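Novice: A predicted structure for the sequence below; I have some questions about it.
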Amino acid sequence: MNYPHYNPASDNRPLSDDELNELDDLLAELPADETMNIEALDGYLAALLLAPKPLPSLPGADWLPAIWGGDREPEPAPFASGKQRKKAVMLVLRHLHSIATAWTQHPDGWEPIFSQATDEEGQDYTDAEDWSAGFLAAVELAPDDWAPWFEGGETEEWLAPIVALGSVEGLLTNASLAERDAASRLIPDAMLAMWAWRQRG
């Protein structure tokens with residue numbers, strides 16, 4: 001399968017709520033356990049945009065199949081049809097473009113797609129575990145390139161809540177909902193700061 005490269009000039013219309021739900025449902029129907037949900041996908045795409053290696057230089061085949069747990073034989077598995085796969089790729093690329101556009105043109109209006117959790121008393125909490133796991137999945141595509149950013153300075157500070165929430169041995173794996181909520185709320189500003197830092201070169 002020849003997957004498209006990321007082109008920053010391509011369609012950057014944000015997905016509507018219906019389209020986000022369509023993409024989430026499409027991925028949920030795939031058989032692979034490794035398939036990302038919409039929250040993990042959002043984090044995965046954010047990390048790709050922030051990665052040390054510019055995303056336009058990375059072949060689509062190097063990062064798109066990971067979203068649905070890898071391609072299968074015969075084609076177009078794990079999708080039911082080539083049309084379904086093309087639809088998924090189109091929606092993913094549009095969402096990717098819309099994140100980059102939001103960060104560049106109206107960062108204050110950007111909101112990551114986080115999960116919501118409710119405690120026994122009905123109190124709602126934000127939980128970025130899936131989002132953070134998706135982010136770290138993108139890091140694993142080029143761990144050596146990312147490694148210095150986890151080892152000190154502003155970048156380590158920006159990435160700390162993501163590691164705490166999204167890694168298998170994260171500090172907040174067994175934390176309370178309130179603690180996870182507090183860490184989750186640090187992520188949006190951290191990502192915008194990191195994006196601005198990356199744009200400065």
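Specialist: Perfect, thanks for sending it.

Novice: alpha carbons only for contacts and neighbour counts from here, please
Specialist: OK.

Novice: now do stretch 105-122: everything it contacts.
Specialist: For stretch 105-122, contacts defined as Cα atoms under 8 Å, 6 or more residues apart in numbering pick out 38-39, 42-43, 99, 102-103, 124-131, 177, 188, 192.

Novice: just the buried residues of these.
Specialist: Buried subset of the contacts of stretch 105-122 (neighbour count, 16 or more other Cα atoms under 10 Å): 38-39, 42-43, 99, 102-103, 125-131, 177, 188, 192.

Novice: just the ones of those in strands?
Specialist: Applying DSSP state E to these, the entries found in strands are Tyr125, Thr126, Asp127.

Novice: can you name the residues bridging to the last one?
Specialist: Asp127 forms beta bridges with Ser115, as assigned by DSSP bridges.

Novice: isn't it right up against Ser176?
Specialist: No. At 10.5 Å, Asp127 does not count as touching Ser176 under the criterion of Cα atoms under 8 Å.

Novice: can you give me the helices for this protein?
Specialist: With DSSP state H, the ranges of helices along the chain come out as 17-28, 38-50, 82-105, 129-139, 143-146, 153-166, 177-184, 187-199.

Novice: of all these, which lies closest to Arg72?
Specialist: helix 82-105 (12.0 Å; Cα to Cα).

Novice: could you dump the closest one to CSV, C-alpha only?
Specialist: The C-alpha trace of helix 82-105 is given here as CSV (Å, rounded to 0.1, in the frame of the first residue of the first chain):
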residue,chain,number,x,y,z
GLY,A,82,-9.9,-0.5,0.2
LYS,A,83,-12.6,2.2,0.4
GLN,A,84,-12.8,1.9,4.1
ARG,A,85,-9.0,2.2,4.5
LYS,A,86,-8.9,5.2,2.2
LYS,A,87,-11.6,6.8,4.3
ALA,A,88,-9.7,6.2,7.5
VAL,A,89,-6.5,7.6,6.0
MET,A,90,-8.3,10.7,4.7
LEU,A,91,-9.9,11.4,8.1
VAL,A,92,-6.6,10.9,10.0
LEU,A,93,-4.7,13.3,7.7
ARG,A,94,-7.4,15.9,8.0
HIS,A,95,-7.3,15.7,11.8
LEU,A,96,-3.5,15.9,11.7
HIS,A,97,-3.6,19.0,9.5
SER,A,98,-6.2,20.6,11.7
ILE,A,99,-4.1,20.2,14.8
ALA,A,100,-1.1,21.8,13.1
THR,A,101,-3.4,24.7,11.9
ALA,A,102,-4.9,25.2,15.3
TRP,A,103,-1.5,25.3,17.0
THR,A,104,-0.3,27.9,14.4
GLN,A,105,-3.3,30.1,13.8
